[in-house]
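Asker: Need coordinates for the below:
(one chain, ligands or ions: 1)
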Amino acid sequence: MEKIIALCKRRGFIYSSSEIYGGIGGFWDYGPLGVELKNNIKKEWWKTMVYQRDDVVGVDAAIIMNPKVWEASGHVAAFTDPLVECKNCHHRFRADKIKDDICENCGDKNNFTEPKQFNLLTEVFLGVTEPKQKAYLRGEITQGVFVNFKNIVNSTRIKIPFGIAQIGKAFRNEITPGNFTYRSREFEQMELEFFIKPDEKEAIKWFEYWKQERIKWYQSLGIKKNNLRWREHESFERAHYARRAFDIEYHAPFGWSEFEGIHHRGDWDLTRHGLRYKDPETTEEYTPWVIETSGGVDRSLLFFLIDAYCEEKERVVLKLHPKLAPVKVAVFPLLSNRKELVSLAWKIYLSLKSENLMVVWDDRGNIGKRYYAQDEIGTPFCVTIDFKTLEDNTVTIRDRDTTKQVRLLIENLKSFLKEKLV
Ligand code: GAP
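Answerer: Model (predicted):
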């Protein structure tokens, strides 16, 4: 983890939020490479969950909603974590995370207070005159989907079974943020709420279907199979809204950890919000059930980075899937002091940029160092313009994973890259 954290800071993936003021626990900023990786993850998720399907539509709801939403959804009463305090050093911990009754901070054993429930919703105060209106930053993006259920059914032609997808920020007053971005107070979720008929057979079918779809998605973007596993929640650990819950877990350096949750929410939310569905053909009325897939953008980014990180003999390389890699191509003139090389390389660089590819330019130091710098951030291809280019219009293109180079005509460069990157 230390190596990943150092790489993230050094190369501009992730920084502590407001670092010049000493940071703030549980908040993170994404740098120039981090924002690219994050956007690529979200783009791939949206492609798979919305564009490639005809039974899912998207929504982008407000972060702050009428506080009645959170009362109805049960979050005001039940969105809690148990908290204990060490009587010796007064550090606080989540009761369910304590190992062998030992205080992680001072080492005292069996010296904790009784667990108290702490609500995870973050309060905000709206308006300029007192008393200000209390509201909440959303604790899950999900409720924004449910409160728009009627609007979406009425304004589209979508029919059950169907899904509503959303990506957006969520906020939780986590007691113990930690493991870098793994448990943050501000994070992004990517979720699907899939509405089905209230029928146990349907629920089993769709639950299994979405479990498989979601694990396939992570594998299709390169997460190694043996670093993923399923874990079913026991009844005592299930969220208040869930009838059944499975986590996809990732084998992180800090242990097997939740990656994404698949939840059978039944009719919990729609009933609480008093929402029903009328089948346009049969006119049958019912409260649909919901199968939910709920993943974290930040956790995905962290686990994609960890999974891709390789130390080889002479280099560190991030073997990110090309679709996720923040930079797609780097363009190098072999020598920075040869005008004819630089001007041709610059022309190629601009021409690749005009394809909306994330391309970088590097003419510093020797080629070996430039390759090293690109490997470390996961750039799949490096293009070098050398003296042979001036003679025969070919460039070298180097593959990040194999380090092999081939020569390619400049005119074939774009189609080669498009085939490998899209
Ligand atoms: N709508 C259901 C829901 O929010 P959850 O299991 O509480 O379910 C879903 O959260 C996902 O959101 C998690 O699997 C994780 O990827 C992400 N997530 C939850 N809490 C997080 C936190 N404190 N920091 C970063 N990601 C978090």
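
Asker: Show me what the residue in the chain that the ligand sits nearest to is bridged to.
Answerer: Using Cβ to the nearest ligand atom, the single residue of the chain nearest to the ligand is residue 296, 2.4 Å away. For glycine as for every other residue, the C-beta is placed from the backbone atoms N, C-alpha and C. Counting by DSSP bridges, residue 296 is bridged to residue 189.

Asker: Quick check: it touching residue 188?
Answerer: Yes - here residue 296 lies in contact with residue 188, judged by Cβ atoms under 8 Å, at a distance of 7.0 Å.

Asker: Just give the number of residues close to residue 193.
Answerer: Residues within reach of residue 193, counting by other Cβ atoms under 10 Å, total 28.

Asker: For it, which residues are in contact?
Answerer: By Cβ atoms under 8 Å, 6 or more residues apart in numbering, the contact set of residue 193 is 142, 145-146, 163-164, 166, 265, 290, 292.

Asker: rerun at 7 Å
Answerer: For residue 193, the residues meeting the contact criterion (Cβ atoms under 7 Å, 6 or more residues apart in numbering) are 142, 145, 163-164, 290, 292.

Asker: Write a ChimeraX command that selects only the buried members of those.
Answerer: The following ChimeraX line selects those of these that are buried, judged by 16 or more other Cβ atoms under 10 Å:
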select :142,145,163,164,290,292
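
Asker: among the contacts of residue 193, which are within reach of the ligand?
Answerer: Restricting the contacts of residue 193 to those adjacent to the ligand (criterion: Cβ under 6 Å from any ligand atom) gives 142, 292.

Asker: from the contacts of residue 193, which ones fall inside helices?
Answerer: When helices are assigned by DSSP state H, the members of the contacts of residue 193 inside them are residue 145.

Asker: Near the ligand, which residues of the stretch 101-250 of the chain are found?
Answerer: Within reach of the ligand by Cβ under 6 Å from any ligand atom, the stretch 101-250 of the chain has these residues: 140, 142, 172, 174, 183-184, 187, 189, 191.

Asker: May I see these arranged in TSV, with pLDDT as well?
Answerer: As requested, those are arranged in TSV below (pLDDT from 0 to 100):
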residue	pLDDT
140	96
142	97
172	96
174	89
183	95
184	97
187	98
189	98
191	98
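
Asker: Touching, the residue of the chain closest to the ligand and residue 191? I think so.
Answerer: No - shown here, residue 296 and residue 191 do not form a contact pair, counting by Cβ atoms under 7 Å, at 9.7 Å.

Asker: If you count surrounding residues, which of these two has more?
Answerer: When residue 296 is set against residue 191 and neighbours are counted by other Cβ under 10 Å, the residue ahead is residue 191, at 26 against 23.

Asker: isn't that one right up against residue 143?
Answerer: No - judged on Cβ under 7 Å, residue 191 makes no contact with residue 143 at a distance of 10.6 Å.

Asker: re the thing from before, state the pair within the contacts of residue 193 that is farthest apart.
Answerer: Greatest spacing in the contacts of residue 193, by Cβ to Cβ: 142 and 163 (12.4 Å).

Asker: what about the strands in the stretch 301-422 of the chain?
Answerer: Shown for the stretch 301-422 of the chain, the strands assigned by DSSP state E, counting those that start in this stretch span residues 309-312, 315-318, 329-333, 359-361, 381-385, 394-399, 405-409.

Asker: Show me the strands paired with the last one, marking each as parallel or antiparallel.
Answerer: Looking at strand 405-409 with DSSP bridges, its paired strands and their directions are strand 394-399 (antiparallel).

Asker: for the record, mean pLDDT for the strand it pairs with?
Answerer: With pLDDT averaged residue by residue, strand 394-399 scores 97.

Asker: which residues touch that strand?
Answerer: By Cβ under 7 Å, 6+ apart, strand 394-399 touches 371, 381-386, 388-389, 405-410, 413, 416.

Asker: Write a PyMOL command that selects only the buried members of those.
Answerer: To isolate in PyMOL the members of these that are buried, counting by 16+ other Cβ under 10 Å, one can use:
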select buried, resi 371+381+382+383+384+385+386+389+408+410+413
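
Asker: can you give me the helices in the stretch 151-300 of the chain?
Answerer: Secondary structure of the stretch 151-300 of the chain by DSSP state H, counting those that start in this stretch: the helices cover 200-220, 268-272, 297-308.
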